[in-house]
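Engineer: Any chance you could fold what I've pasted below:
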Amino acid sequence: MLLADLGADVIRVERPSGGLQIIPPGQRDWLLRGRRLVVADMKTDVGRGAMWGMLDRADVLIEGFRPGVAERLGIGPEAVRVRNPGLIYARMTGWGQDGPMALLAGHDINYIAVTGALNAFRVQGSRPVPPLNMVGDFGGGSTFLVLGVLAALWEREKSGAGQVVDASIVDGTSALLQAIWSLRAAGTWTDTPAANLLDTGTPFYDTYECADGKYVAVGALEPQFYAVLLAGLALKSEDLPDQYDKGGWSMLRQRFAQTFASRTRDQWAEHFAGSDACVTPVLSFAEAAKYPHLVERRTLVEIDGVVQAAPAPRFSRTVPAIPAAPATEPCAVSEVLREWVPR
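Structural biologist: Residues are numbered from 1 along each chain as shown. Reported below is the predicted structural model:
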C-alpha cells in the first residue's frame, strides 16, 4: 500500500484459492487499495509463464513466503537474477531468511515478544498487551521493507544491479527499539514494567481518567511544558515535589489523577487547547475522523464512503493521487505487460 500510495504500479499476485481473509465476505479490503490483481497458479505452466512475463520486466518483487518456498516454485533470487539482473528481490518474513526459527510459523505477537517490545507494553501488575500489530507487522516489517526497497532502487541507479532485501520483523522491530537499548546502556531503563520515562512510569507521561470515564494523554516531559501543565491544572510547583524527583512521583500522580477526575475529557481538551501543556484527548477511531487538526490536514480521507488514512509522507512538488479502490476482479497479465516496457 505504501509503495502504491507513492505512485508505484503495484500488481498483487494471488493463488487461485485466494489468501488469508480477515475482511468479511462481500466487503472490500482497503489495505489493498491502489493495486491491480492477477491470479497465477504457480503449479501450472500457464501460471509460471504469466509470472515470468511480469518478472522479466518488473523493478521489484516482494514475496512473503517461508524461506525456500520461492526457490521451490522456481522463482527464487538466483533464478530471477539470470533473466532480470536489475530486479530488487524483497523478502518479507517474521524470523528472517536464516536462524534456528526461520522455518517456523509465527505472527506479530510472537515476533515482538522475543525482541523485548511486548514486555514493555503493560502497566505494573498487568499482563503484556499487544499494541495491535503496529509495532511488528507494520512498523518493524512493512516500513523497513519499503525502506530497503527504496534504498536498493537508489543504489541500482549507480551500480545497475539488483539485490536481495531480507526484511524480517524481528530485525526491524529491534531497530525501532534502539532508543530503548540506548537508554538501557546508559542505565536509565529497567525491564520492570511501568518504571521508566516513556512507559507510564512517570506521572507526567501517562493517561488519566476524567469525570466521564474517558481519558486524556499527558506528555509534559520538558520542564517548560511541565510548568504549563501545572498552571493549567491550577497546581503550584512549590506545593509539589520536583518534576524529576522519583520519590515524589506517587504524590504527583495522585494529585494529577484527582484533578483530572474533576472534569470531563472534552472539558479538559477545551481547557488545554492551544497550550503547550502536551495534554490531548484519547480518542476512538470514530472520534479521530472528526478531530479538527486531522480534518484540516486531511490526514484521513473518505474514498467511496470509506474513511481511511491519506497517503504519507507529503511532498512539495509530487503530490500522490487519491488512492484507487482495491480491485474486486483480477486483470489479465497481458494487460500488465502491454504497459510495462521491457528493461
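Engineer: Poorly predicted segments of the chain, please.
Structural biologist: Counting by pLDDT under 70, the low-confidence segments of the chain come to 18-21, 343.
Engineer: excluding its backbone neighbours, what's nearest Val216?
Structural biologist: With sequence-adjacent residues excluded and distances taken as C-beta to C-beta, 6 or more residues apart in numbering, Val216 is closest to Trp268, at 5.2 Å. Heads up, the C-betas are built off the backbone N, CA and C, glycines and all.
Engineer: quick one: what helix or strand has the one you found in it?
Structural biologist: helix 265-272 (DSSP states H and E).
Engineer: I'd like the next helix or strand past that helix.
Structural biologist: Along the chain past helix 265-272, the next helix or strand (assigned with DSSP H and E) turns out to be strand 279-281.
Engineer: related to what we said a few turns ago, relative to Ser237, how far out is the residue nearest to Val216?
Structural biologist: Here Trp268 is placed at a distance of 20 Å from Ser237 (C-beta to C-beta, to the nearest Å).
Engineer: ok, the two, which is more surrounded?
Structural biologist: Between Trp268 and Ser237, counted using other C-beta atoms under 10 Å, Trp268 has the larger neighbour count: 26 against 13.
Engineer: So which bits of the host helix or strand of Arg12 are buried?
Structural biologist: Counting by DSSP H and E, the element that carries Arg12 is strand 10-14. Counting neighbours by 16 or more other C-beta atoms under 10 Å, one finds that the buried residues in strand 10-14 are Val10, Ile11, Arg12, Val13.
Engineer: Please spell out which residues along whichever strand or helix holds Ala175 are buried.
Structural biologist: Element membership for Ala175, per DSSP H and E: helix 169-176. The neighbour-count criterion (16+ other C-beta under 10 Å) identifies Ile169, Val170, Asp171, Gly172, Thr173, Ser174, Leu176 as the buried residues of helix 169-176.
Engineer: which other residues reach the following helix or strand past it?
Structural biologist: The helix or strand immediately downstream of helix 169-176 is helix 178-185, counting by DSSP H and E. Applying C-beta atoms under 8 Å, 6 or more residues apart in numbering, the contact partners of helix 178-185 are Gly116, Ala120, Trp189, Asn196, Leu197.
Engineer: same check, this time on stretch 294-306
Structural biologist: The contact list for stretch 294-306 (C-beta under 8 Å, 6+ apart) reads 28, 30, 33, 288-289, 293, 307-310, 322-323, 325.
Engineer: Any chance you could give me it in CSV, C-alpha atoms only?
Structural biologist: Coordinates of each C-alpha in stretch 294-306 appear next as CSV, following Å, rounded to 0.1, in the frame of the first residue of the first chain:
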residue,chain,number,x,y,z
LEU,A,294,-6.7,15.8,11.4
VAL,A,295,-9.6,17.2,9.4
GLU,A,296,-7.8,20.4,8.5
ARG,A,297,-4.7,18.5,7.3
ARG,A,298,-6.8,15.8,5.6
THR,A,299,-4.8,13.2,7.5
LEU,A,300,-7.9,11.0,7.0
VAL,A,301,-9.8,10.9,3.7
GLU,A,302,-13.0,9.4,2.6
ILE,A,303,-13.0,7.4,-0.6
ASP,A,304,-16.1,5.6,-1.9
GLY,A,305,-17.7,6.3,1.5
VAL,A,306,-14.9,4.7,3.5
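Engineer: Check the offset of that stretch from the chain's centre.
Structural biologist: Mean-position distance between stretch 294-306 and its chain equals 19 Å (C-alpha atoms, centre = their mean, to the nearest Å).
Engineer: Arrange the buried residues of strand 10-14 in CSV, one row each, with distance to Thr280 as further columns.
Structural biologist: Formatted as CSV, the entries for the buried residues of strand 10-14 read as follows, by distance: C-beta to C-beta, whole Å:
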residue, distance to Thr280
Val10, 35
Ile11, 40
Arg12, 37
Val13, 42
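Engineer: about what we covered before: contact partners for the residue nearest to Val216?
Structural biologist: Taking C-beta under 8 Å, 6+ apart as the criterion, Trp268 is in contact with Cys210, Val216, Phe260, Val279, Pro281.
Engineer: Isn't the fourth one up against Gly232?
Structural biologist: By that I understand Val279. Yes: if you go by C-beta atoms under 8 Å, Val279 and Gly232 touch, sitting 7.0 Å apart.
Engineer: Please say which of the two ends up with more neighbours.
Structural biologist: It is Val279, of Val279 and Gly232, that has more neighbours when counted by other C-beta under 10 Å, with 23 against 17.
Engineer: Now the more buried one: closest residue in space, sequence neighbours ignored.
Structural biologist: Spatial nearest neighbour of Val279, excluding adjacent residues (C-beta to C-beta, 6+ apart): Phe272 at 4.1 Å.
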